[in-house]
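Novice: What would the 3D arrangement of this be:
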Amino acid sequence: MQGQLNERDLVAALYLHMRLRRKLAILGIFLVALAVVAEGMGVMSWLRGQRTGPSPLILGGCVTYLGVFLGVVLPWRVRRTLRQYKGASVPYSFSLEQEGIHYESQHATGIVPWDHLQHWREGRNHFLLYRANTIYQVLP
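Specialist: Residues are numbered from 1 along each chain as shown. This next block holds a predicted model:
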């Protein structure tokens, strides 16, 4: 098989890497819903003149920061890294063999043995093969 990574592929791989397991995702949705309700109640208190402190502003600021960080800053960092690391966007080929994954590009050739892979994740268009919990290789 052959492939070539681009900015969109690496951003998608980052989000796939960050995807939570189902139980944690359900807990996260519950906590976000709870935060939205708390924010709404805090704003309503402020509008009624019952100002008990800056808590609605703090929670709103945290949610805004998190949204900007995940939606703007992280994708920007991935794109910048791809522009800096020229070898990441070079066409490559790989094959699944008995001893492991054989890969080849104009800069490198090698085999990743199967026992060096800890786990994997499957996305819509990519696989992530993990050599450690935070070190992964992207395959189309």
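Novice: Which helix or strand lies directly C-terminal to whichever strand or helix holds residue 58?
Specialist: Here residue 58 sits within helix 55-68, counting by DSSP states H and E. Sequence-wise, the next helix or strand downstream of helix 55-68 (DSSP H and E) is helix 74-84.
Novice: Quick one: distance of the helix or strand immediately after that following helix in the chain to the chain centre.
Specialist: Downstream of helix 74-84, the next assigned helix or strand under DSSP H and E is strand 92-96. Strand 92-96 sits 24 Å away from the centroid of its parent chain (Cα atoms, centre = their mean, to the nearest Å).
Novice: For strand 92-96, give me every contacting residue.
Specialist: Strand 92-96 has contacts (Cβ atoms under 8 Å, 6 or more residues apart in numbering) with 1-4, 101-105, 139. The C-beta positions use only the backbone N, C-alpha and C, and glycine is treated the same way.
Novice: ok, now stretch 21-30?
Specialist: Outside stretch 21-30, the residues touching it (Cβ under 8 Å, 6+ apart) are 19-20.
Novice: Pull the contacting residues for residue 121.
Specialist: Contacts of residue 121 (Cβ under 8 Å, 6+ apart): 16-17, 19, 127-128, 130, 136.
Novice: Pick out the lowest-pLDDT one from those residues.
Specialist: Ranked by pLDDT, these bottom out at residue 19 (80).
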